[in-house]
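Chemist: Just need the structure, nothing else, for what follows:
(2 chains)
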Amino acid sequence: MMDTVLQHRLATEPTTAPAPWGRVRRSRHVADRALKIICTLFTVLGAFVLGWILLMLLVEGIGGLSPAVFTETTPGPGTQGGGIANAIVGSLILTVLGIVVATPVGVLAGTFLAEYGKGSKLAEVIRFVNDILLAAPSILIGLFVYMLMVQPMGGYSGWAGGVALAIIAVPVIVRTTEDMLRLVPGSLREAGAALGAPMSTVIIKISWKAARAGMVTGVLLATARIAGETAPLLFTALNNNFWFSPTLMGGVANLPVMIFQFALSPYENWRELAWAGALIITMSILALSIVARLLLRKDKVR
Amino acid sequence: MVALSQERLVSSTDAPVRRFSPPTFDRIFRFASLASALLVLIVLLGIIGSMIYGGWPAFSEFGLSFITSNVWNVNEDQYGAWVAIVGTLTTALIALVIGVPLSLGIAIFLTQLCPPWLKRPVATTIELLAAVPSIIYGMWGLFVFAPLFANYVQIPVSNIVEGMPIVGTILYARTPSGVGILTAGIILAIMIIPFIASIARDILDQIPSVLRESAYGIGCTTWEVVRNVLVPQAGVSIIGAIMLGLGRALGETMAVTFVVGNANRLSGSLFDPGSTIASRIANEFNEAIGLQLNALMALGCILFLVTFTVLVLARLLVSRVKVG
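Modeler: Residues are numbered from 1 along each chain as shown, chains lettered A, B, ... in the order given. Here you go, the predicted structure:
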C-alpha cells in the first residue's frame, strides 16, 4: 500500500507547478531519486561481480576439464598432461575429516549454550569467544595447528589439515546449533520433562528433533566454508604431486593449495589444471550453499 | 506430539531394565556438552598462547624495533614488521572506504526498495559472494581484474597526475602491472560486502516498521526516512557491522597474496606493490627456519592482537544479530 502511495507521489511530483518552495521540493526529489538509483546500482554491481567470477571460471575451466583430470595425479614440473585426481580425493578426505571432528564438538557446544548454560556467565563468555573465532583470520589457525601438531609430529600431515579445518568449522556449527535450538519453544521441553524424561533425553529426543533441519543446515554451511579454505592448509596438509600415504602422514594433495601453487606457475598445463580445479571447487561449494539455504527455507529473508 | 507420546509409552514398558542407565548417561551427556563448549574457549587461548610462544624469540631479539623497523632481510636475519603492518592497515582501510558504501547501499536496497518477490534471490546472490573461496577472488583479481585495472585506470591516471604534488606520488604507478595495494584493497572490498551487508540488513529489519511508516506518513521521502529514521536508530550497530568487515579485511590471506605484489617496500603510491602480514606469512612460512620462523609467528601475533581488538569492539557494538 505504501508503495502505491510512493509511486503516486513520485509520479505527480514533477508535474506540480513551480511554487516558492519548488526548489526545496526539487532537491528532496533529487536526493530521493539519487538514493534509489545508487542503492540499486550497488546491488546490481554485487550481482555483476558474482556473475563475472562464475563466467571467468566457466570460460577458463571448461576447456581444461577432461576425463584425465579426474583419473590422473597432478603432473610434476615440466611434464605434460596430468590430472588432479589426488587433489580432489585429498580435498574430500580433509573436508570430511574436518567436519567429522567438528560436528560432535560443535553440536554439543551449541547445545550447552542453548540448553544447559542458558543465561549463565560461562555461556555468555563462550558465546562471545565463539563469535570471535567465527571471524578470526584463518591463516592464524593454520599457524596454531602448525605449532600444535606439525612441529610435534615432525612433519606435515592430513590429520593436521583436518584439525585446522575443524577449528574453522566448529564456530559455524556452534552458532547455528544454538540459534536453531533457541527457536524450539520451551513448552515442548516442559512437556518432555513433565513425562519424567531426564534432561539429556529431552534434548536428544525433543530439542534436537525439532531443530534438526536447522542443525543440518549449519553442518552443510560449515562444510561449504571449509571446503575452499586455503590458508590453514598451507602449513598443515601442504600439497604434493603424488597419491598420499594411507596414514595421511607427509603432505596430502588438496585442491585449494594445488590451485594456489599451479595458478602462479609458469607451466601451461599446471595453469589449466588450476582453472579446472577452481571450477570444480567453486561449483561444489556454491551448490552446497544453495542446498543448505533451501533446507532452511523459512523466515531467512523477511 | 502424538509420535512422541507413543514413543514414551513404548519405552516405558522396559523402564525397569533401563532405570539406572539414564542418570549416568544424563551426566555424561551434560559433561560432554560442557567440555565441548570449554574446548571453544581453549582453542582461542591456544591460538593466543602459540602465537606469543612462537613469536617470543623475535620480540626479545628486536624489541620494539620489530614493529617500527621496515627492514625484512632474510640473509642477514634482520626482521621488522612495519611495511607489513602499514600494508595491512592500508588495504583494510581502502576496503572499508569502498566496501562500506556498497554494503550499506545493498542493505538499504534489500530492506527498503526491493519488491518482495525479488528479495530472496538478491539476498542469496549477495550471500553467495561470501561462499566463493578467497583463492578464487585471488585468481579473478590477478588474471581478470589486474590487467583491466592496469590498462584503464593505472596508466591513464598515472599519465594525468605525473608531476603533480601529492597526487602525483599517491596515484603514480612506476610499473603499471595492475597488482598493488589499491588492487588488494578493491578485491577486499568486494569480499567484505556480503558480511557487512547481511548484518546491516538484519539491523535495518529489526527497526520497528511503525517508525518507518510514521515517517512516510508525514511525507518523508525514502532518502529522508533512511537519513533521519533508520540511520539514527541503527547507529552504533552499523558501526559494529563495519568493524566486523574490518576484521575480515585485516586477516584475509589468499586473495591478497595473489594481488598485493608481495614487495617489502614502503611506497608512497597506492599503485605500487606492497605486502600485508597475512600475505607475508603465506609466502614465506613454509621455507622459513630459525629466527625467520619466529619473526613470522610474531607477525601472526600482531595480526591476532589487532583483529582480536577489532572483533571484540565489533561484537560489543553489534549486540548479537543473526548472521546468515
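
Chemist: where's the residue most central in space within chain B, which helix or strand?
Modeler: In chain B, the centroid-proximal residue (Cα atoms, centre = their mean) is residue B:248; its distance is 0.9 Å. Under the criterion of DSSP states H and E, residue B:248 resides in helix B:231-251.

Chemist: next helix or strand past that helix?
Modeler: Helices and strands here follow DSSP H and E; after helix B:231-251, the next one along the chain is helix B:254-259.

Chemist: From what I see, the residue nearest to the centre of chain B and residue B:194 are in contact.
Modeler: No: using Cβ atoms under 8 Å, residue B:248 makes no contact with residue B:194, being 9.7 Å away. C-beta coordinates here come from the backbone N, C-alpha and C atoms, glycine included.

Chemist: on that earlier part again, ok now the helix holding residue B:248, how far from the chain's centre?
Modeler: When distances are taken as Cα atoms, centre = their mean, to the nearest Å, helix B:231-251 is centred 11 Å away from the chain's centroid.

Chemist: That helix packs against which elements?
Modeler: Here helix B:231-251 touches helix A:121-135, helix A:138-145, helix B:82-108, helix B:181-206, helix B:291-317, going by 3 or more Cβ pairs under 8 Å, 6 or more residues apart in numbering or on different chains; DSSP states H and E.

Chemist: What residues of it count as buried?
Modeler: Neighbour-count burial for helix B:231-251, counted by 16 or more other Cβ atoms under 10 Å in any protein chain shown, picks out B:233-234, B:237-238, B:240-251.

Chemist: wait, which of those residues is closest to chain A?
Modeler: residue B:251 (2.4 Å; Cβ to the nearest Cβ).

Chemist: Now the closest one: closest residue in space, sequence neighbours ignored.
Modeler: Closest residue in space to residue B:251, ignoring its immediate chain neighbours: residue A:137 at 2.4 Å, by Cβ to Cβ, 6 or more residues apart in numbering or on different chains.

Chemist: ok, the one you found - how many residues close by?
Modeler: 27 (other Cβ atoms under 10 Å in any protein chain shown).

Chemist: How about residue B:106?
Modeler: Neighbours of residue B:106 using other Cβ under 10 Å come to 31.

Chemist: Kindly state the pLDDT recorded for the residue nearest to it when sequence neighbours are not counted?
Modeler: Excluding its sequence neighbours, the residue lying closest to residue B:106 (Cβ to Cβ, 6+ apart) is residue B:197, at 4.4 Å. Note on residue B:197: pLDDT of 93.

Chemist: count of neighbours near residue B:197?
Modeler: Neighbours of residue B:197 (other Cβ under 10 Å): 31.

Chemist: quick one: contacts for it?
Modeler: By Cβ atoms under 8 Å, 6 or more residues apart in numbering or on different chains, the contact set of residue B:197 is A:46, B:102-104, B:106-107, B:110, B:126.

Chemist: Looking at these, state which has the most neighbours.
Modeler: residue B:106 (31 neighbours).

Chemist: Residue A:42 is in contact with that residue, correct?
Modeler: Yes: counting by Cβ under 8 Å, residue A:42 is a contact partner of residue B:106 at 5.4 Å.

Chemist: Report all helices and strands that the biggest helix by length in chain B contacts.
Modeler: Ranked by residue count, the top helix of chain B under DSSP state H comes out as helix B:21-62. The contact analysis (3+ Cβ pairs under 8 Å, 6+ apart) places helix B:21-62 against helix A:85-111, helix A:121-135, helix A:138-145, helix A:158-183, helix A:199-201, helix B:291-317.

Chemist: Quickly compare those helices and say which is most buried.
Modeler: Stretch with highest mean neighbour count among the helices and strands packed on helix B:21-62: helix A:138-145 (a mean of 27; mean count of other Cβ atoms under 10 Å in any protein chain shown).

Chemist: List the buried residues for the helix or strand just after that helix?
Modeler: Past helix A:138-145, further along toward the C-terminus, the next helix or strand under DSSP H and E is helix A:151-153. Of all the residues in helix A:151-153, not one is buried under the rule 16+ other Cβ under 10 Å.

Chemist: mind checking how far residue B:299 is from chain A?
Modeler: 10 Å (Cβ to the nearest Cβ, to the nearest Å).

Chemist: Report the contact partners of that residue.
Modeler: Listed by Cβ under 8 Å, 6+ apart, the contact partners of residue B:299 are B:55, B:81, B:84, B:277, B:280-281.

Chemist: can you list the weak-confidence ranges in chain B?
Modeler: Chain B contains residues with pLDDT under 70 at B:1-22, B:319-324.

Chemist: now do chain A
Modeler: Counting by pLDDT under 70, chain A shows low-confidence ranges at A:1-24, A:297-302.

Chemist: Find the residue at the geometric middle of it.
Modeler: Chain A, centroid-nearest residue using Cα atoms, centre = their mean: residue A:225 at 2.6 Å.

Chemist: Now do the closest residue to chain A within the stretch 101-250 of chain B against residue B:140, distance only.
Modeler: For the stretch 101-250 of chain B and chain A, the shortest gap (Cβ to the nearest Cβ) falls at residue B:133, measuring 2.8 Å. Distance, residue B:133 to residue B:140, using Cβ to Cβ, to the nearest Å: 11 Å.

Chemist: got it, and residue A:28?
Modeler: Separation of residue A:28 from residue B:140 (Cβ to Cβ) stands at 40 Å.

Chemist: So the two - more neighbours on which side?
Modeler: Per other Cβ under 10 Å, whichever of residue A:28 and residue B:140 has more neighbours is residue B:140, with 24 against 17.

Chemist: Please name the residues that touch the more buried one.
Modeler: Taking Cβ under 8 Å, 6+ apart as the test, what residue B:140 contacts is A:52-53, A:56, B:187.

Chemist: Most neighbours out of these, which is it?
Modeler: Among the contacts of residue B:140, residue B:187 has the most neighbours (other Cβ under 10 Å), with 27 neighbours.

Chemist: and residue B:61, how many residues sit next to it?
Modeler: Neighbour tally, residue B:61, other Cβ under 10 Å: 16.

Chemist: quick one: contacts for residue A:156?
Modeler: A:150, A:235-238, A:250-252.

Chemist: separation between the closest residue to it other than its chain neighbours and residue A:190?
Modeler: Of all residues not flanking residue A:156 in the chain, residue A:238 sits nearest, at 4.3 Å (Cβ to Cβ, 6+ apart). Computed as Cβ to Cβ, the residue A:238 to residue A:190 distance reads 52 Å.

Chemist: More neighbours: which of those two?
Modeler: Per other Cβ under 10 Å, whichever of residue A:238 and residue A:190 has more neighbours is residue A:238, with 22 against 12.
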